[in-house]
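Engineer: Model the following, please.
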Amino acid sequence: MAQEKGDALVAEETFDFLVMIIVDYFLHSKEISNKASLKEDLVTKRKLERLESLGRDIGRRWLEKLAQDTPHLSTELDKVKFICKEFWTATFQKQIDNLKTNNKGTYVLSDKIFKRLVHVSETPDSVGQIEDYMVFPLGMIKGALESLGMNCDVSGDCSNAPSCVFTINVKEEQKEK
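Structural biologist: This is a model prediction of the structure:
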């Protein structure tokens, strides 16, 4: 049992490190780090899109693996609850701390200690970079929701890192179905 916990901790820290390296590879390479307006740079925007796309692909595949033995989730709320419990636990080693909805296609998920930001938020030079480290997990969440048949936008507010609030807005054409 102790060995399993130790192995899980190593795997989790390895995944955190891998995500940090991926973000650094995509966004913080030397050729663009000297530019004054990093976010305005077209090359950087393309890199952010590629990073999100990578996260979406991984999120879709991961959700398909997790949900293969799950009965059909019929409602939007059931799908979001699956993300909060099963997907979050398998991906981030805990359930989401709080789920709120306005029952009109907006879901707010709160994670008091979003583990993917713990190492980043403790780094002194991470000011202004935390949003960069959110692109990949936001992509994963969006990909997982897409795998469940939900067309939505996903955003994250990590202004109080490592606490993070994720907002899922289901697009209008999805709500009509």
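Engineer: so where do the strands sit in the protein?
Structural biologist: 98-101, 106-111, 152-157, 164-170 (DSSP state E).
Engineer: Export those strands to CSV and append columns for mean neighbour count, mean pLDDT and distance to S53.
Structural biologist: Backbone N, C-alpha and C define where each C-beta goes, glycine included. Shown next, in CSV, are these (neighbours: other CB atoms under 10 Å; pLDDT from 0 to 100; distance: least, CB to CB, whole Å):
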stretch, mean neighbour count, mean pLDDT, distance to S53
strand 98-101, 14, 95, 26
strand 106-111, 19, 96, 22
strand 152-157, 18, 94, 14
strand 164-170, 20, 95, 18
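Engineer: Using CSV, please lay out those together with distance to A67.
Structural biologist: As requested, the strands of the chain are exported to CSV (distance: least, CB to CB, whole Å):
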stretch, distance to A67
strand 98-101, 18
strand 106-111, 18
strand 152-157, 17
strand 164-170, 17
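Engineer: What ranges in the protein fall below the confidence cut-off?
Structural biologist: 1-13, 15-17, 27-40, 119-128, 173-177 (pLDDT under 70).
Engineer: what's near enough to touch the nearest residue to K85 once chain neighbours are set aside?
Structural biologist: Distances taken as CB to CB, 6 or more residues apart in numbering place Q95 nearest to K85, at 5.3 Å, with adjacent residues excluded. Residues in contact with Q95 (CB atoms under 8 Å, 6 or more residues apart in numbering) are C84, K85, W88, T89.
Engineer: Sweet, I'm off.
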